[in-house]
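**Student:** generate a structure from the sequence data that follows.
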Amino acid sequence: MRRAAGGIERADVTGRPGLAVEAKLFRVAREAGVPSPEIHVVLEESDGLGPGFLMEWLEGETVGSKILRAKELHEIRPKLAHECGVILAKLHAIDPIESGLAQDLKTVSTESFVREMWERYQSYDSPLPLIDYTARWLVENLPPESSPQLVHTAFLNGNLMVTPSGVTAVLDWELAHLGDPIRDLGWICTNSWRFGNREMPVGGFGRLEDLLDGYESVSGIRVAEGHVHFWEGFGSFWWAVACLEMAEAYRHGADKTVERPGIARRSSECQVDCANLIIPGPVELVEASSMPTSTDMPRVDELLESVRDFLRNDARKALEGRNAFLSLVASNSLDIVLRELMLTPAHLSAEEARLRELLDSDASLESLRNTLALGLRDGSIALDHPGLSDHLRATVVNQLAIDQPKYSGLAAALKVDRP
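**Tutor:** Numbers count the residues shown, from 1 in each chain. Just a heads-up that it's a prediction; the model follows:
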């Protein structure tokens, strides 16, 4: 059973279609040959359970990292990219008018999608110029508009149910809309959903060529790789902004769990992925500074390490379920604090020096960042401004070295050429 939390379906500013439409999407997709559960019952007001529906129980793995590593999926894994292309071609062939979905779903142009996320990020009043640069690049490199088609919007490794026989269900239709269907092909290639395997761009399990071959085998359309890469870049841009929303939820009391700030720090992962796609090039990491000390014993790093190790090794074992998970999240946040103490002084000093040269100003670092972000937003600073791309790469890559040095995008960023 899929049911609205608490039995109440609240108004959603993101334009989600609602559970009744989700049930309809499952049914329409199933009729079109897209792997989907059968919908048995759509709940009505008289049922007293709130909005929702009952659907067929299906077997399969949905955890993305397990799909990449499970021994029982060894034989099907190389075939999944082609199968995903076939599934998406069938999904995109659904006629919005004939199916009745045109009256249920929002139609969103590519440019409005970019600008909506860009405006949402700007409302946070935390200038991160790489995000502004990416938004400008996306707006200036829009693919040709086509007639709006059904877009799943969250087609990724993690929203697919997989067995040794293949994909048994496409899940999570809650963000479906009408627009450019190639977004779905780019989304499954976004690095955040490859689970560390950059060598296989399609969900971490397959080749782009196989995805496009599968799509063409059903649709007769050969999608240009550049069109896919645009949406791959948008996927990283979108998730970079979505991560920052977690910080907003924490700061304003909507969700004060320890998980939200940790997720917010993942924005730098996505920003590095954007840089790797649109402004690749060499980057150097700053040298770590010595740990700040005082006359007291123990040192600050030893205090932090003791709390981190307690949370990770002791508290976690004594806790169950979500609390055990949150103790691990908390210990990971302390790792970020430790790296920040060692790396941030040199990182911020280098960022400020580059910005002063770039903008010919001796203002404060905060003011310089804001000036650069505003210049990118209003177009007064060109994307090819001398030194701009070098500065953005160096800034975000060094920030990622603090936030998550094990993320696959960091290793890729430290290479001159995109793999």
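**Student:** drop to CA atoms for contacts and neighbour counts, all remaining ones
**Tutor:** Noted.
**Student:** identify the residues contacting stretch 197-207?
**Tutor:** If you take CA atoms under 8 Å, 6 or more residues apart in numbering as the criterion, stretch 197-207 is touched by 68, 77-81, 156-157, 188-191, 193-196, 208, 211, 408, 419.
**Student:** try it again at 7 Å.
**Tutor:** For stretch 197-207, the external contacting residues (CA atoms under 7 Å, 6 or more residues apart in numbering) are 68, 77-78, 80-81, 156-157, 188-189, 191, 193-195, 208, 408.
**Student:** now the residues you listed: which count as buried?
**Tutor:** Neighbour-count burial (16 or more other CA atoms under 10 Å) applied to these gives 68, 77, 80-81, 156-157, 188-189, 191, 193-195, 208, 408.
**Student:** narrow the contacts of stretch 197-207 to those in helices?
**Tutor:** 68, 80-81, 208, 408 (DSSP state H).
**Student:** dump these to CSV, plus pLDDT and distance to residue 91.
**Tutor:** Output for the ones in helices among the contacts of stretch 197-207, formatted as CSV (pLDDT from 0 to 100; distance: CA to CA, whole Å):
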residue, pLDDT, distance to residue 91
68, 96, 24
80, 98, 16
81, 98, 15
208, 98, 18
408, 93, 31
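**Student:** quick check: the two most widely separated of those?
**Tutor:** Using CA to CA, the two most remote members of the ones in helices among the contacts of stretch 197-207 are 80 and 408, lying 21.8 Å apart.
**Student:** pLDDT at the residue most central in space within the chain, what is it?
**Tutor:** Note on the chain: the residue nearest the mean C-alpha position is residue 239, at 3.3 Å, using CA atoms, centre = their mean. Per-residue pLDDT puts residue 239 at 95.
**Student:** which helices and strands sit right next to whichever helix or strand residue 131 is part of?
**Tutor:** Assigned by DSSP states H and E, residue 131 belongs to helix 129-140. In this structure, helix 129-140 makes packing contacts with helix 110-122, helix 267-278, helix 365-378, judged by 3 or more CA pairs under 7 Å, 6 or more residues apart in numbering; DSSP states H and E.
**Student:** for residue 138, find the nearest of the ones you listed.
**Tutor:** The closest of these to residue 138 is helix 110-122. By CA to CA, the value is 7.2 Å.
**Student:** and the closest one, what's buried?
**Tutor:** 110-111, 114, 117-118, 121-122.
**Student:** closest to residue 33 out of these?
**Tutor:** residue 110 (26.9 Å).
**Student:** quick one: the closest one from residue 179, how far?
**Tutor:** 7 Å (CA to CA, to the nearest Å).
**Student:** before we move on, back to that, now render the ones in helices among the contacts of stretch 197-207 as TSV, adding distance to residue 316.
**Tutor:** Supplementary listing: the ones in helices among the contacts of stretch 197-207 in TSV, determined by distance: CA to CA, whole Å:
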residue	distance to residue 316
68	26
80	36
81	37
208	40
408	26
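**Student:** list the neighbouring strands of the helix or strand of the chain with the lowest mean pLDDT plus their orientation.
**Tutor:** Within the chain, no helix or strand scores below strand 2-3, which has a mean of 89 by mean pLDDT, DSSP states H and E. As defined by DSSP bridges, the strand partners of strand 2-3 come to strand 52-55 (antiparallel).
**Student:** where along the protein do the strands fall?
**Tutor:** Assigned by DSSP state E, the chain shows strands spanning 2-3, 39-42, 52-55, 149-151, 160-163, 166-170, 177-179.
**Student:** what does the fifth one rub up against?
**Tutor:** When contacts are defined by CA under 7 Å, 6+ apart, strand 160-163 is touched by residues 60-62, 73, 167-171.
**Student:** what's near enough to touch residue 49?
**Tutor:** Per CA under 7 Å, 6+ apart, neighbours of residue 49: residue 7.
**Student:** ok, residue 368 next?
**Tutor:** residue 355.
**Student:** recalculate using a threshold of 8 Å.
**Tutor:** 352, 355-356, 359, 361.
**Student:** go on, residue 262?
**Tutor:** Applying CA under 8 Å, 6+ apart, the residues contacting residue 262 are 329-330, 332-333.
**Student:** ok, now residue 105?
**Tutor:** Contacts of residue 105 by CA under 8 Å, 6+ apart are 17, 176-178.
**Student:** state the mean pLDDT of stretch 105-120.
**Tutor:** 95.
**Student:** next one: stretch 218-233
**Tutor:** 97.
**Student:** and stretch 276-291, by the same measure?
**Tutor:** On average, stretch 276-291 scores 90.
**Student:** start the count at 12, not 1, going forward
**Tutor:** Will do, 12 is the new start, and the previous item becomes stretch 287-302.
**Student:** could you find the lowest-pLDDT member of the contacts of residue 116?
**Tutor:** Lowest pLDDT among these: residue 28, 83.
**Student:** got a list of what that one touches?
**Tutor:** 115-116, 185-187 are the contacts of residue 28 under CA under 8 Å, 6+ apart.
**Student:** pretty sure residue 164 is touching residue 195, no?
**Tutor:** Yes - using CA atoms under 8 Å, residue 164 makes contact with residue 195 at a distance of 5.8 Å.
**Student:** who touches both of these two?
**Tutor:** Between them, residue 164 and residue 195 share no contacting residue, judged by CA under 8 Å, 6+ apart.
**Student:** which stretches of the stretch 12-161 of the chain have low pLDDT?
**Tutor:** Within the stretch 12-161 of the chain, the segments meeting pLDDT under 70 span 21-26.
**Student:** switch to 90 and redo it
**Tutor:** By pLDDT under 90, the low-scoring segments of the stretch 12-161 of the chain are 14-29, 56-62, 136, 156-157.
**Student:** next: the stretch 262-411 of the chain.
**Tutor:** 262-268, 299-312.
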